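Chemist: Next one to model:
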Amino acid sequence: MAQVARDMVKKAGVDVDKLINLLVRNASAELTTYYYYTILRVNLIGLDGEGLKAITEDARIEDRNHFEVLVPRIYELGGKLPRDMVEFHNISACPPAYLPDNPRDINAMLKVLVAAERCAITGYTEICNITAGKDHRTYDISLAILHEEVEHEAWFSEFIGEGPSGHGGVRTEGHSPYARKFLPNGGK
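Modeler: You can find the predicted model right below:
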């Protein structure tokens, strides 16, 4: 399988090694963001924090789903994940979304959340640009994830007061509406 997928993508003009590197680095960003968002969510307390908790949880779960969606494509193209978790963490396409020094500072927390989402948007836009019209499967996966990352960024940027985004906020019908089709059993 990996040889056919890899050959087809290469034949279409994509630098497969570069693509795999981007996919692995973005998979790392998704898994590490899931971890860091867990810590952030736990610390969202009080009146201000509780308002962010549900949206942070949605983004957290969807980041885990994005990791799960990316891994099969990495292996389909002949790539693999690093053997060592520390190495995997350290090659992340995005910097760690660390808990701010003052976890009660909601504005600092929001800056961490928005920066993580903006980094993800940049990464998936790059993958989409590389694969558009050339690697339909990777493009479709990356575009689905990109849609969700744009929504995450919109949710958090509204809290900062950057203006309305037109996005609805917390999901009412499950997680990962765009990437769900790539999850085993549709994410159920």
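
Chemist: by contact count, what packs against the top helix by length along the chain?
Modeler: With secondary structure taken from DSSP state H, the chain has its longest helix at helix 46-76. Using 3 or more CB pairs under 8 Å, 6 or more residues apart in numbering; DSSP states H and E as the contact test, the elements touching helix 46-76 are helix 2-11, helix 16-42, helix 106-131, helix 136-160. (C-beta placed from N, C-alpha, C; glycine too.)

Chemist: Return the set of buried residues in it.
Modeler: Buried positions in helix 46-76, judged by neighbour count with 16 or more other CB atoms under 10 Å: 49, 52-53, 55-71, 73-76.

Chemist: Equivalent analysis for stretch 85-100, please.
Modeler: Residues of stretch 85-100 classed as buried under the neighbour-count rule (16+ other CB under 10 Å) are 88, 92-94, 97, 100.

Chemist: now, which of those residues lie within helices?
Modeler: In helices, defined here by DSSP H, the members of those are residue 88.

Chemist: Do I have it right that residue 22 meets residue 125?
Modeler: No: in terms of CB atoms under 8 Å, residue 22 does not count as a neighbour of residue 125; the distance is 11.0 Å.
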